[in-house]
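Participant: no sequence on this one, just coordinates:
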């Protein structure tokens, strides 16, 4: 299944790039994500950080601009190429390669001060394998920072049809793309284990079983921020949350 997932994200990489390009141009979005990342990894300077599932390299770019030492991995060759272009454009050095975030065979155990993952865990065929691997590559006391979405969220259920129409218009205007093109295939979604569970409680249970100490869980990262463009465009799909955990 990992090959299928890799191909899918490569196929839509140019479309996803437009979404992230819009964020790079939005100063408010930049500040928000800089604060979230800083709160997650802590204040220690020049940390060695893994961006697991970097996509177009948004989080890796922001962290590298703060002076941290970045390694970025993504399973999709198309995403890796876009991330490489973004790193060059923003004049940051990132050790970037194509690989499976649940099988980091290039990385030695106890290597990183922090592992960051944004909108990745829900796409994985085995979240447990990824969490185990991220535990392995973290140093003792290292932090895991996960941003993801709870797709079982029923909040604003009555507003959702209208919200989806507003989202379509906003995506069309800000990203210059048709948001109905290249949606994730139903057969692929059905095989993803974290689409059909309540999150972040399920993540918390798994992380604690592995041995992580939960530092913070922020169940609604953007809500009810009706003036934040990313939330207006994509908030109807899931409730965004943040988990900060420590390898104790």
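Facilitator: Looks like it came in fine. As the structure is a prediction and not an experimental result, all values here were calculated from the model.

Participant: what does the pLDDT read for the most centrally placed residue in the chain?
Facilitator: For the chain, the residue sitting closest to the mean C-alpha position, by CA atoms, centre = their mean, is residue 118 at 1.2 Å. On pLDDT, residue 118 comes in at 95.

Participant: likewise for residue 199?
Facilitator: Residue 199 is assigned a pLDDT of 94 by the prediction.

Participant: with residue 171 instead?
Facilitator: In this model, residue 171 is scored at 69, pLDDT.

Participant: ok, the residue lying closest to residue 204 once chain neighbours are set aside - contacts?
Facilitator: Leaving out its chain neighbours, the residue that sits closest to residue 204 by CB to CB, 6 or more residues apart in numbering is residue 214, at 5.9 Å. The way it works is simple: take the backbone N, C-alpha and C, and place the C-beta from them, glycine included. Going by CB atoms under 8 Å, 6 or more residues apart in numbering, residue 214 touches 204, 207, 208, 243, 244, 245.

Participant: how near is the third one to residue 245?
Facilitator: If I follow you right, that is residue 208. As judged by CB to CB, to the nearest Å, residue 208 and residue 245 stand 8 Å apart.

Participant: neighbour count winner among the two?
Facilitator: Between residue 208 and residue 245, counting by other CB atoms under 10 Å, residue 245 is the more crowded of the two (28 against 12).

Participant: what mean pLDDT does the helix or strand hosting the more buried one have?
Facilitator: Element membership for residue 245, per DSSP states H and E: strand 239-247. For strand 239-247, the mean pLDDT works out to 94.

Participant: so what's the gap between that strand and the chain middle?
Facilitator: On the basis of CA atoms, centre = their mean, to the nearest Å, strand 239-247 sits 11 Å off its chain's mean C-alpha point.

Participant: alright, that wraps it up for me.
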